[in-house]
Each structure stands twice: as C-alpha cells, then as structure tokens.
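Colleague: Provide a 3D model corresponding to the input given below.
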Amino acid sequence: MKIATWLAGVIVAASVMVAPQGVAKGQALSDAQVKQAIIEESIAEYPGTCACPFNRARNGSSCGRRSAWSKAGGYAPICYANEVTKEMINAWRERQQ
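Modeller: Sure, this is the predicted structure:
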C-alpha cells in the first residue's frame with residue numbers, strides 16, 4: 001500500500017512539473033499580443049511616470065508633451081504599436097524561449 005501511494009505521488013509530481021511547459025509551448029502569441037508586451041515592457045523600464053503621452057502624472061493630469069516619448073534625446077520608450085518592428089517581435093520571441 002505504501003509503494004502504491006508513493007508511486008501515485010511521484011506520478012502526480014511529474015505531471016505537474018511537465019504540464020506547464022506543454023501548455024506554454026502550445027500557446028503562440030499573435031503579433032498584436034507581442035507588440036503589446038513589448039510596449040508594456042518598454043514603459044515599465046522607464047524610471048518615471050511619464051513614459052508616454054497617454055500616461056498620467058502623479059497629480060492625475062495627462063503627461064502629453066511632458067512625456068519622455070515627446071522629448072528629443074534621453075529615454076525613447078516605445079508607446080505605440082506602429083513603432084514596433086518585425087525585428088523587435090522576432091527578438092522578443094527569441095528571448096522568451
């Protein structure tokens with residue numbers, strides 16, 4: 001009886017360890033989803049609150065022209081889907097594997 005219980009535990013543990021990998025490989029993200037992920041990562045890397053014009057400042061106002069995206073030089077966050085190139089999408093997918 002103890003061997004059967006132990007064996008069942010090993011099988012359950014092995015299936016739990018293998019299942020997430022099998023599910024993740026089967027779910028390919030669309031280009032639009034990857035673009036959104038790239039934009040979110042870019043905004044998250046910016047140290048302040050006004051990475052993009054559509055972000056909100058600490059006081060609740062729209063960042064607009066105060067955003068890093070709107071200013072020349074310095075940080076250049078990716079804020080819009082049309083800024084994401086096919087090369088960026090391919091590089092992101094390679095990093096995720």
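
Colleague: any idea whether the residue most central in space within the chain is helix, strand or coil?
Modeller: Geometric centre of the chain, nearest residue: A37, 3.9 Å, by Cα atoms, centre = their mean. Judged by DSSP: H, G, I helix; E, B strand; the rest coil, the three-state class of A37 is helix.

Colleague: mind checking pLDDT for it?
Modeller: Per-residue pLDDT puts A37 at 97.

Colleague: what about the closest residue to it other than its chain neighbours, helix or strand, and which?
Modeller: Leaving aside its sequence neighbours, A37 sits nearest to W92 (Cβ to Cβ, 6 or more residues apart in numbering; 6.7 Å). (Glycine included, C-beta is placed from N, CA and C.) Secondary structure assignment for W92, by DSSP states H and E: helix 86-96.

Colleague: List the buried residues of that helix.
Modeller: Buried residues in helix 86-96, counted by 16 or more other Cβ atoms under 10 Å: 89, 92.

Colleague: And the average pLDDT for that helix is what?
Modeller: Across helix 86-96, pLDDT averages out at 96.

Colleague: Check the offset of it from the chain's centre.
Modeller: In terms of Cα atoms, centre = their mean, to the nearest Å, the centre of helix 86-96 is set 11 Å apart from its chain centre.

Colleague: residue contacts, G64?
Modeller: 53, 70 (Cβ atoms under 8 Å, 6 or more residues apart in numbering).

Colleague: same check, this time on W92
Modeller: Applying Cβ under 8 Å, 6+ apart, the residues near W92 are 34, 37-38.

Colleague: now do A81
Modeller: 32, 35-36, 39.
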